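Asker: Coordinates for the following, if possible.
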Amino acid sequence: MFNKKMVGILAASAIAFNVVSVSADTVALKDIKNHWANTTIQWGVTNQIVTGYPDGTFKPDKFVTEAEFLTMLINAYERIQPKTVKHWADSYYDFSKTMNYPTRGMEELSARNWPITRQHVAEIIAGTQGSNYAGNDAIKFVLAKGLARGTDPNNVAVETFNAKGNLTRAEAVQFIKALKEKGLKELQTRPAQPSDPAQIPPLPQTPQPPVQSPTNGNVTVVPSSNPGFLLPKDTTTEPAVQAFIDSLKLENGNVTGKVPEIPSGHTMVLRYKDASDGKWGERKYDKDFTSLKPGETFSVGIVGQGGKILFDIYKNPNIGVNGAVVYIPSMKAEWGAKR
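Answerer: Numbers count the residues shown, from 1 in each chain. Model prediction:
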């Protein structure tokens with residue numbers, strides 16, 4: 001299935017990630033079915049950019065180190081013969097040095113094992129595009145190029161990027177997938193001198209206008225911030241999504257809703273993902289309402305910066321066919337199937 005060179009690469013990665021070399025069609029990663037990055041992760045595994053863990057999990061919300069992200073990124077474009085002198089990722093850092101990427105682990109070995117921040121990732125990603133930006137300029141660059149998004153899909157701004165937040169495994173694969181989808185065919189060298197910030201394209205300042213959509217005076221459906229992830233229109237499950245959105249109400253700092261009837265042969269997942277501290281991942285106020293029955297109600301209290309309600313409908317039982325993401329407290333929703 002793999003050539004000898006590839007086996008060597010994945011074996012080296014296994015040491016660092018505690019993973020095994022498996023293909024997407026031989027192992028079902030058991031903890032990504034209901035994750036927002038399900039499709040992205042399957043793409044990463046299929047393309048041998050990243051693998052799962054020996055217990056059959058992927059751990060999508062686990063933080064990524066600089067060495068791990070660098071390995072994923074380079075593996076997406078280059079097949080490097082690994083060598084180990086001081087650290088398992090020595091070959092990847094050597095390649096990174098030739099490309100002048102801003103890695104901390106080149107000078108300080110221990111930094112290779114630190115969780116990498118989203119801002120640092122933006123700086124590296126900008127470098128792969130042949131630009132040399134740092135800090136907010138790097139963030140502006142990746143946002144303007146459509147290589148990343150912030151916590152508010154309707155406000156593309158540095159403030160919503162969560163610059164100091166640590167990158168998760170799922171987010172790492174999403175960054176790399178975005179590079180591929182935007183047409184980056186090979187990694188470019190980062191210039192020695194800083195690039196001119198005036199060359200960064202302007203960020204969209206005004207949210208897109210709402211599309212015709214079901215609302216109850218509280219929720220407004222807006223165009224998806226990631227059109228490439230839209231599902232085909234599904235008339236069978238559309239009434240359930242509409243009923244779910246119509247049931248949502250925001251009153252006195254609480255969002256309430258009702259579980260709709262789900263068509264026969266389908267299952268639903270209903271969760272609240274907390275971002276009260278401006279970060280995503282496993283957070284204090286996360287809630288799972290999936291066990292509720294049709295007609296039963298749920299309630300989410302708004303804390304800090306809020307979060308998002310995820311409502312997904314599956315068929316047989318791993319095929320996602322419809323759903324919505326509702327951002328709290330803005331009460332703006334993205335419908336998962338094309339309208």
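
Asker: I'd say Trp31 and Asp61 touch.
Answerer: Careful, residue 31 is Asp; it's not Trp. No - Asp31 sits out of contact with Asp61 when judged by CB atoms under 8 Å, with a separation of 9.1 Å. Glycine gets a C-beta too; all of them are placed from N, C-alpha and C.

Asker: is it true that Asp277 lies in a helix?
Answerer: No - when the secondary structure is assigned by DSSP: H, G, I helix; E, B strand; the rest coil, Asp277 falls in coil instead of a helix.

Asker: ok, and the closest non-adjacent residue to it?
Answerer: Using CB to CB, 6 or more residues apart in numbering and skipping residues adjacent in sequence, the residue nearest Asp277 is Gly304, 6.0 Å away.

Asker: Could you do Gly56 as well?
Answerer: The spatial neighbour of Gly56 that comes closest, neighbours along the chain excluded (CB to CB, 6+ apart), is Lys30 at 5.0 Å.

Asker: so which strand or helix has the residue nearest in space to the middle of the chain?
Answerer: Among the residues of the chain, the one closest to the centroid is Glu171, at 3.6 Å (CA atoms, centre = their mean). According to DSSP states H and E, Glu171 maps onto helix 169-181.

Asker: Counting by contacts, list what that helix packs against.
Answerer: For helix 169-181, the helices and strands in contact under the criterion 3 or more CB pairs under 8 Å, 6 or more residues apart in numbering; DSSP states H and E are helix 38-46, helix 66-75, helix 118-128.

Asker: ok and that helix relative to helix 118-128, angle-wise?
Answerer: An angle of 20 degrees separates the directions of helix 169-181 and helix 118-128 when computed by axes from the mean of the first three to the mean of the last three CA atoms, to 10 degrees.

Asker: Show residues contacting helix 169-181.
Answerer: Contact with helix 169-181 is made by 35-37, 40-41, 43-44, 49-50, 58-64, 68-69, 72-73, 76, 118, 121, 125, 128, 146-148, 167, 228, as judged by CB atoms under 8 Å, 6 or more residues apart in numbering.

Asker: before we move on, what about stretch 270-281?
Answerer: Residues lying outside stretch 270-281 but in contact with it, judged by CB under 8 Å, 6+ apart, are 34, 61, 63, 151, 162, 165, 168, 259, 283-290, 292, 298, 300, 303-312, 328.

Asker: my read is His313 is in a strand, agree?
Answerer: Residue 313: Ile, not His. Yes - the assignment for Ile313 by three-state DSSP puts it in a strand.

Asker: Distance of it relative to Val255?
Answerer: Note on Ile313: its distance to Val255, by CB to CB, to the nearest Å, is 20 Å.

Asker: Counting neighbours, go ahead and name the busier of those two.
Answerer: In this comparison of Ile313 against Val255, neighbours counted by other CB atoms under 10 Å, the higher total goes to Ile313 at 28 against 23.

Asker: got the contact list for the more buried one?
Answerer: Thr237, Ala240, Val241, Ile262, His266, Thr267, Met268, Gly320, Val321, Asn322, Gly323.

Asker: what helix or strand is His87 on?
Answerer: Taking DSSP H and E as the criterion, His87 maps to no regular element, lying outside all helices and strands.

Asker: Identify the residues contacting it.
Answerer: Ala67, Tyr93, Gly105, Leu109, Arg112.

Asker: In helices only, show me those residues.
Answerer: Where the contacts of His87 overlap with helices, as defined by DSSP state H, the overlap consists of Ala67, Tyr93.

Asker: Produce a ChimeraX select command limited to the buried residues of the contacts of His87.
Answerer: For anyone working in ChimeraX, the buried entries among the contacts of His87, judged by 16 or more other CB atoms under 10 Å, can be selected with:
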select :67,93,105,112
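
Asker: ok, so of the contacts of His87, who is nearest Ala138?
Answerer: Of all these, Gly105 has the smallest distance to Ala138: 17.9 Å, by CB to CB.

Asker: circling back to that earlier point, which of the contacts of stretch 270-281 count as buried?
Answerer: If you count burial by 16+ other CB under 10 Å, the buried members of those come out as 34, 61, 63, 151, 162, 165, 168, 259, 283, 285, 287, 289, 298, 300, 303, 305-312, 328.
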